[in-house]
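Student: The amino acid sequence is not available; the structure is as follows:
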């Protein structure tokens with residue numbers, strides 16, 4: 001009888017809960033998966049662009065990596081809060097224009113979520129940033145009140161514009177690449193770009209609001225931000241990441257020798273297991289919700305946040 005009651009209670013506490021904090025004009029909404037009261041709590045901060053709380057995007061990413069990660073961590077006794085960015089998806093009412101934001105705006109939301117978790121009984125919160133979200137986590141951690149530590153997953157070691165140029169380089173013909181490099185050089189100098197000077201297929205990435213967002217992030221150097229943080233740090237670098245190369249993770253690890261650095265062979269940017277060097281299989285995994293994320297990701301994070309210090 002007792003075991004039946006405990007099992008029923010576990011099922012209740014494992015059920016994901018819709019939560020929200022106040023945004024500028026409406027709520028920022030998320031999902032809290034809390035296996036048991038008092039479980040270590042992780043706030044998962046999404047990567048760039050229109051990425052939702054499950055890790056999916058209308059740009060062809062439907063692998064639900066964040067949802068899988070939250071469920072896997074719950075099985076390990078770790079709570080996870082993941083959320084839609086202000087202006088997007090379930091948080092569409094928070095601001096009228098999802099692109100008219102800055103990194104500081106995202107940090108404001110992170111602090112709001114940390115406050116909510118504190119109200120729910122978390123003594124401190126782990127910030128887990130994926131891709132661009134790792135820079136948001138680093139910026140938020142400059143004020144470390146109520147934070148346990150950081151988990152940087154596939155995070156860049158350089159300012160975002162430098163990384164973006166390298167992401168475009170192998171994909172564009174020389175003439176288009178020259179135009180893109182000139183556009184990024186202007187943004188680095190604090191000058192907005194005339195959209196007519198950008199290759200037509202890429203103009204949606206250079207709208208006025210997005211340009212201002214990119215400029216707001218260019219001054220953020222992840223290595224410099226790390227220098228101001230005195231917290232436990234786990235750096236996870238997927239070896240088969242075709243968006244954030246291994247060299248980026250190595251930069252972060254070199255900047256903080258006391259951090260725990262984990263290079264995961266056979267894992268890509270969306271945390272899925274893929275064959276080494278197989279770009280087609282790598283890309284296909286982005287839209288495969290049935291392909292489970294690599295279990296080593298869950299294990300590494302769970303072990304790190306539950307370790308005695």
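Tutor: Received, thanks. All figures in this text were calculated on a predicted structure; none of them were measured in a lab.
Student: Show me what the longest helix belonging to the chain is packed up against.
Tutor: With secondary structure taken from DSSP state H, the chain has its longest helix at helix 103-119. For helix 103-119, the contact count by 3 or more Cβ pairs under 8 Å, 6 or more residues apart in numbering; DSSP states H and E identifies strand 17-22, strand 27-33, strand 41-45, strand 79-83, strand 125-130, helix 132-140, helix 208-218 as packing neighbours. To be clear about C-beta, it is placed using only N, CA and C from the backbone, and glycine gets the same treatment.
Student: Pull the number of nearby residues for residue 25.
Tutor: Neighbour count for residue 25, taken as other Cβ atoms under 10 Å: 11.
Student: Tell me who's in contact with it.
Tutor: Contacts for residue 25 (Cβ atoms under 8 Å, 6 or more residues apart in numbering) come out as 93-96.
Student: Which strand or helix spans it?
Tutor: Per DSSP states H and E, residue 25 falls between elements, in no helix or strand.
Student: Quick check on it: phi, psi?
Tutor: When read as degrees, to the nearest 10, the backbone of residue 25 gives phi -130, psi 0.
Student: Residue 212 versus that one, what's the distance?
Tutor: 19 Å (Cβ to Cβ, to the nearest Å).
Student: what's the angle from the longest helix of the chain to strand 27-33?
Tutor: 50 degrees (axes from the mean of the first three to the mean of the last three Cα atoms, to 10 degrees).
Student: Helices along the protein, start to end?
Tutor: 2-14, 65-75, 103-119, 132-140, 160-168, 174-188, 208-218, 222-227, 246-255, 279-285, 295-306.
Student: tell me the most buried of the ones you listed?
Tutor: helix 132-140 (a mean of 26; mean count of other Cβ atoms under 10 Å).
Student: how about low-confidence regions in the chain?
Tutor: Within the chain, the ranges that satisfy pLDDT under 70 run 1-14.
Student: Repeat the analysis, applying 50 as the threshold.
Tutor: 1-13 (pLDDT under 50).
Student: Can you tell me which residue sits nearest the middle of it?
Tutor: Centroid check for the chain by Cα atoms, centre = their mean gives residue 130 as the closest residue, at 2.6 Å.
Student: That one and residue 46 touch, don't they?
Tutor: Yes. Applying Cβ atoms under 8 Å, one finds residue 130 in contact with residue 46, separated by 6.3 Å.
Student: okay, and the common contacts of those two?
Tutor: Common neighbours of residue 130 and residue 46, counting by Cβ under 8 Å, 6+ apart, are 55, 66.
Student: Rebuild the helices of the chain as CSV, extending it with distance to residue 42.
Tutor: Listed next are the helices of the chain as CSV, based on distance: least, Cβ to Cβ, whole Å:
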stretch, distance to residue 42
helix 2-14, 15
helix 65-75, 7
helix 103-119, 9
helix 132-140, 11
helix 160-168, 23
helix 174-188, 32
helix 208-218, 23
helix 222-227, 19
helix 246-255, 19
helix 279-285, 23
helix 295-306, 7
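Student: so which of those gets nearest residue 55?
Tutor: Closest approach to residue 55 among the helices of the chain is made by helix 65-75 (3.4 Å; Cβ to Cβ).
Student: roughly how far out does that closest one sit from the chain middle?
Tutor: In terms of Cα atoms, centre = their mean, to the nearest Å, the centre of helix 65-75 is set 14 Å apart from its chain centre.
Student: tell me what it is packed against?
Tutor: strand 27-33, strand 41-45, strand 79-83, helix 295-306.
Student: count of neighbours near residue 58?
Tutor: Neighbourhood size, residue 58 [other Cβ under 10 Å]: 11.
Student: which residues touch the nearest residue to it once chain neighbours are set aside?
Tutor: Among residues not flanking residue 58 along the chain, residue 50 sits closest, at 5.9 Å (Cβ to Cβ, 6 or more residues apart in numbering). Counting by Cβ under 8 Å, 6+ apart, residue 50 touches 57-59, 88-89, 98.
Student: Looking at the helices of the chain, spot the one closest to residue 126.
Tutor: For the helices of the chain, the distance to residue 126 is smallest for helix 295-306, at 5.3 Å, taking Cβ to Cβ.
Student: residues in contact with the closest one?
Tutor: Helix 295-306 is contacted by residues 40, 42, 69, 72-73, 75-78, 126, 128, 148-149, 151, 153, 232, 234, 236, 260, 262, 264, 267, 271 when judged by Cβ under 8 Å, 6+ apart.
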